[in-house]
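Student: Would you be able to build a 3D model of this:
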Amino acid sequence: GSRGVPFFLVGYSLGGLLFLNALTRAPELTKQVAAMVLFAPALTIRFPYYYVGGLRVFGRSTAIPSSNLPEYRANDSITFGAYGALCDVWREVQARGVGACSAVPTLVLLDPRDELISTRGLINVIREQELSQWRLEPVWGQPTELKQKIRHLIIDEAALGESEWRRVGELVTKHLKPRA
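Tutor: Numbering: from 1, shown residues only. Below you'll find the model as predicted:
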């Protein structure tokens, strides 16, 4: 940051996409970012989820039930308007590209079996936009006590299992250490 204190961005899913949206809208901000960690960023949405945003023609306030586990929900449902807003931001970032973030050391964590985010798509973005400071690290959720396995949930020990969550913590800690 401007006061000599490192500024880190850590985002999960939509949060990662929103960080990328802000940085691509104002590329000068990337000079203030020491490093980023993106957990399953919504940068490369799989086919069926992208088109859900188009359902807002049936009413922005029309909602569908959340398929997420109750303990991970912010809301019990999500509106077509919210999906549409996600898709609007996604399209903006796709149009601008994330090349403005190429100099920011970025650790991208993703379960290759993620239901929402395309691993192949992320690999292509990193390669095609020459994001040489970005590193994609696979995260492999282990069997846990959760009633349902959702691969997109890579945000805590309950979702990943103790050993994989410890490994993720080590990767993040190493990535965020000051560079010489």
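Student: Confirm for me that Leu38 is in contact with Gly11.
Tutor: Yes. If you go by C-beta atoms under 8 Å, Leu38 and Gly11 touch, sitting 5.6 Å apart. Every residue, glycine included, has its C-beta placed from N, CA and C.
Student: what is in contact with these two at once?
Tutor: In terms of C-beta atoms under 8 Å, 6 or more residues apart in numbering, Leu38 and Gly11 are both contacted by the residues Phe19.
Student: where along this protein do the strands fall?
Tutor: Using DSSP state E, the strands of the chain run over 8-12, 35-39, 63-65, 77-79, 106-110, 134-138.
Student: tilt between the first one and strand 106-110?
Tutor: What that stands for is strand 8-12. Per axes from the mean of the first three to the mean of the last three C-alpha atoms, to 10 degrees, the angle that strand 8-12 makes with strand 106-110 is 20 degrees.
Student: got the contact list for Glu162?
Tutor: Gln142.
Student: Now for this structure, the helix or strand with the poorest mean pLDDT.
Tutor: helix 47-52 (a mean of 62; mean pLDDT, DSSP states H and E).
Student: Show me what the longest helix belonging to the chain is packed up against.
Tutor: Ordering each helix of the chain by length in residues (DSSP state H) puts helix 80-96 first. Judged by 3 or more C-beta pairs under 8 Å, 6 or more residues apart in numbering; DSSP states H and E, helix 80-96 is in contact with helix 14-25, helix 47-52.
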